[in-house]
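Asker: This is the structure alone, sequence omitted:
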């Protein structure tokens, strides 16, 4: 290289040349993308798509405003919207930093060392941890049979030390839904000291009865606290927002975050509540449709799957451990949650998504297990 | 596909405002020795000095040279107009030629600075030119006020 050539190499790179390099890189990436099919992740329960862009814009617009000041600690606007929606007074609604946080704080407020917390099992793994954090004892109840038997098992596990029942409805990971009538009967037979924490994080996906059927029981049963979230059907897991509805003012005051929920989450949630019903309806409908299709299609395979009212199905294959089944599906490019950490070693939990995902899960199961004989 | 319309993004620009893209140029090759980079740094200083000299020459030596040429033209032709025209056109031409040359030197300075390991995105010609104007104004002021003295009508010396 001559002297001038040496220095010329440091000249500005031409935009055309830059774009040529970018085009070449994009072509390479596209070739790789076409050659490889990415794994399909069906292990989580949150909504797989991004939230509606207008909801995100609402949060961004708030971020560009007065974030140097505290947000509305009482989240008045959102509580009014929720109260109107559920037909309760705004004072009966508390907005918190996610349903899990509200449940945890409620657990800490209600439980003392040595108290018992009754919960159906398998269920959401947070509940035993929640009890342990409050130095209480988790009492897992294996619930099988019809709803009446389910409730009878739970009521039968209540002892002198029982202070709370935690019920996930629809249940994660089984997808079982306890109807309001059965829940009402269970609440009626529980002793005065026992609270029921009803986790309705997945309630938007149930189509067995009205969305608020169980929530309406709060007026009749002051010891019922219903917790919901914006993490699932609203697709706002990252914003950590949920709410509780109840009638025990002391408990509601205790579980409310001291300085409220952050301004960005409030803006997004308020916008989602004002404009998101159509989208939520579409999502619910799509899950309901695919869930029914998947459950129907699974009959042709060597798997057992109970009816589900959530956005996932809980399935098992005779003679195959859950972890083994999860690994076999993984090799087929489909990731599901192994049942061990969720409470049943012989099961896996697979999320219901769209039609292509259902087709792919079916193909993977077929390859992993083979078709049903006969 | 993300929208870059600020009305869709809560007032935020998605992406970059026009004309604010960073200048891209290759990094110094890893096999360049530190001594080479030091010599490039010295060369860059020399080029900067040359650039400053060229710019400063616009405010003294070049007009003076053209005044001399103009006087010669007037002497040879016998026309004052020819002398004045030569001075004006000559100053203009040499200004343009000098600036074109200075621009090339400035570009070379930028490349040599990059070769010396600096992230030199822009040239220095604008700043050098502005600096040379400042120097010229100060020098002229000193000459005018303290050496030559103002014209008699402004401050009669006797």
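Answerer: Perfect, thanks for sending it. Source: prediction; values computed, not measured.

Asker: my read: residue B:128 touches residue B:48, true?
Answerer: Yes: at 7.4 Å, residue B:128 counts as touching residue B:48 under the criterion of C-beta atoms under 8 Å. For glycine as for every other residue, the C-beta is placed from the backbone atoms N, C-alpha and C.

Asker: could you pull out the strands for chain A?
Answerer: Counting by DSSP state E, chain A has strands at residues A:40-41, A:93-96, A:116-121, A:137-142, A:162-168, A:195-199, A:224-229, A:242-245, A:304-305, A:312-316, A:334-335, A:337-338, A:347-351.

Asker: Settle it for me: which of residue B:128 and residue B:48 has more neighbours?
Answerer: Taking neighbours as other C-beta atoms under 10 Å in any protein chain shown, residue B:128 and residue B:48 compare with residue B:128 leading, 22 against 17.

Asker: Report the beta-bridge partners for residue A:162.
Answerer: residue A:116 (DSSP bridges).

Asker: Is it in contact with residue A:139, as I believe?
Answerer: Yes: counting by C-beta under 8 Å, residue A:162 does reach residue A:139; the two are 7.3 Å apart.

Asker: Mind listing the shared neighbours of these two?
Answerer: Both residue A:162 and residue A:139 are in contact with A:116-118, where contact means C-beta atoms under 8 Å, 6 or more residues apart in numbering or on different chains.

Asker: Nearest to chain B among the residues you listed?
Answerer: residue A:117 (42.8 Å; C-beta to the nearest C-beta).

Asker: Nearest residue to the closest one in space, please, no chain neighbours.
Answerer: Of all residues not flanking residue A:117 in the chain, residue A:131 sits nearest, at 4.2 Å (C-beta to C-beta, 6 or more residues apart in numbering or on different chains).

Asker: wait, what's in contact with the one you found?
Answerer: A:107, A:111, A:117, A:137-138.

Asker: Give me the pLDDT value at the most centrally placed residue in chain B.
Answerer: For chain B, the residue sitting closest to the mean C-alpha position, by C-alpha atoms, centre = their mean, is residue B:129 at 3.5 Å. The model reports residue B:129 with a pLDDT of 95.

Asker: Name the nearest residue to it, sequence neighbours excluded.
Answerer: Nearest to residue B:129 is residue B:55, by C-beta to C-beta, 6+ apart, at 5.2 Å.

Asker: Mind listing what's buried along the longest helix anywhere in chain B?
Answerer: Across chain B, the longest stretch assigned as helix under DSSP state H is helix B:80-115. By 16 or more other C-beta atoms under 10 Å in any protein chain shown, the buried positions in helix B:80-115 come out as B:83, B:86-87, B:90-91, B:94, B:99, B:102, B:105-115.

Asker: Which ones among those also lie next to chain A?
Answerer: For chain A, the contacts drawn from the buried residues of helix B:80-115 by C-beta under 8 Å from any C-beta of the partner chain are B:108, B:111-112, B:114-115.

Asker: remind me which residues of chain B are low pLDDT?
Answerer: B:1-19, B:151-158 (pLDDT under 70).

Asker: ok, which stretches of it are helices?
Answerer: B:34-57, B:61-77, B:80-115, B:125-142.

Asker: same question, the stretch 1-150 of chain A
Answerer: Along the stretch 1-150 of chain A, counting by DSSP state H, counting those that start in this stretch, helices occupy A:3-8, A:15-35, A:53-63, A:76-86, A:99-110, A:126-133, A:147-156.

Asker: now the fifth one: how far from the chain's centre is it?
Answerer: So that's helix A:99-110. Distance of helix A:99-110 from its chain centroid, counting by C-alpha atoms, centre = their mean, to the nearest Å, is 17 Å.
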